[in-house]
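Trainee: Coordinates for the following, if possible.
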Amino acid sequence: MSPAARPLGTWFRWQQASIAQVDRSNSFTSHFRALDTIGFVGQKAVARWMGQTRQGGQPITTFEVKAGSGHTAMVDEAPVFGDDLGMRPTEMLLGALGSCTGVNAVLLLRKFKQPYKAIEVRVEGEQEDQWPHAFTSIKIVFAIEWDGKHDDDLVNQALDMACNKYCPVDATLSRGTKIAFEHTKL
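Mentor: I've put the predicted structure just below:
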């Protein structure tokens, strides 16, 4: 499916610049093959309220998110609702999309022997005016610094695959996912 035809309207373009020599070793070329063969089943993250309150009992909305990998991140809202002590949940969503497509872009551009020096993935989302302020479109821009000549067709192929074939975050957003909830004792 072309990037322009995808349900959330996500699309990408890349920018060019020229910089110094880059290591072109292919140590990650088997990365995607390995993901296909290990029976990848799922991921887990736990968001835990930090339990802090303001004077007068008003809760502070900061959450610590801990992933199954053991890594953590702080999440909060801007003032009126929060204390601005971490990224917004929606910023984390955009960051997850940018980093997921970016990891894949790095690996694929290396596999396709394209001489990149640096890559920055910029992700912006348009949101509805009314609650729940869902994203209506998301744009991904790959800003790439080059070291020498590159093949535009191979770059486009790599970036298309990074977004549309290998990124589970992109697939989740563009294909739609059923979300269910329940509650239990802590």
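
Trainee: which ones are touching T72?
Mentor: By Cβ atoms under 8 Å, 6 or more residues apart in numbering, the contact set of T72 is 64-66. Glycine gets a C-beta too; all of them are placed from N, C-alpha and C.

Trainee: In those, which residue is surrounded by the most others?
Mentor: The most crowded member of these is V65, carrying 17 neighbours; neighbours defined as other Cβ atoms under 10 Å.

Trainee: beta partners for it?
Mentor: A47, A73 (DSSP bridges).

Trainee: quick thing: my sequence starts at 3, can you match it?
Mentor: All right, first residue 3 from here; so that's V67.

Trainee: Who are the contact partners of it?
Mentor: Contacts of V67 by Cβ under 8 Å, 6+ apart are 47-50, 74-77, 94.

Trainee: list the helices and strands the top helix by length along the chain packs on?
Mentor: Counting residues, the longest helix in the chain under DSSP state H turns out to be helix 91-113. Counting contacts by 3 or more Cβ pairs under 8 Å, 6 or more residues apart in numbering; DSSP states H and E, helix 91-113 packs against strand 74-77, strand 118-129, strand 137-148, helix 154-166, helix 170-177.

Trainee: Sketch out the low-pLDDT regions of this structure for me.
Mentor: 3-43 (pLDDT under 70).
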